[in-house]
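In: show me how the following folds:
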Amino acid sequence: MSVQKSDAFVDITDVVCPITFVKTKVAIEELEKGQVLEILMNEGEPIQNVPRSLKDESHKIINVQNNGNGTYTVLVEKDGLA
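Out: Numbering: from 1, shown residues only. Presented below is the predicted three-dimensional model:
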């Protein structure tokens, strides 16, 4: 299985909701359609809310990986569902 390469990276482990999604939204808005954003986030509220909010905005969740240390790495394709 090949690992998807991301075009940009954002770490939201140091912020809390709703800032987690705000930082993610700003990062994904800087990308072109079809580019991939890699997001490092904490378990709990961020992993429950951020991917769902991205899907609501027509972005495609490519992969969600549990890093085993209380964080997740999520790959999102901009406008992947549009």
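In: residues contacting Asp79?
Out: Residues in contact with Asp79 (C-beta atoms under 8 Å, 6 or more residues apart in numbering) are 33-34, 58-59. Quick note: C-beta positions are derived from backbone N, CA and C, even for glycine.
In: if any of those are buried, put those into a ChimeraX selection.
Out: What follows is the ChimeraX syntax for the buried subset of those, where burial is set by 16 or more other C-beta atoms under 10 Å:
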select :59
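In: show me where this structure has strands.
Out: Listed in chain order, the strands found in the chain under DSSP state E are 8-11, 36-42, 60-66, 71-77.
In: make a markdown table out of the ones you listed and add mean pLDDT, mean neighbour count and distance to Phe21.
Out: Supplementary listing: the strands of the chain in a markdown table, determined by pLDDT from 0 to 100; neighbours: other C-beta atoms under 10 Å; distance: least, C-beta to C-beta, whole Å:
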| stretch | mean pLDDT | mean neighbour count | distance to Phe21 |
| --- | --- | --- | --- |
| strand 8-11 | 98 | 15 | 11 |
| strand 36-42 | 98 | 22 | 10 |
| strand 60-66 | 97 | 14 | 14 |
| strand 71-77 | 98 | 20 | 12 |
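In: to Asn49, which of these lies closest?
Out: strand 36-42 (9.5 Å; C-beta to C-beta).
In: quick revisit: out of the contacts of Asp79, who's nearest Pro51?
Out: Of all the contacts of Asp79, Pro51 sits closest to His59, with 9.1 Å by C-beta to C-beta.
In: quick check: nearest residue in space to the closest one, chain neighbours excluded?
Out: Sequence neighbours aside, Val76 is the residue nearest to His59 in space, at 5.1 Å (criterion: C-beta to C-beta, 6 or more residues apart in numbering).
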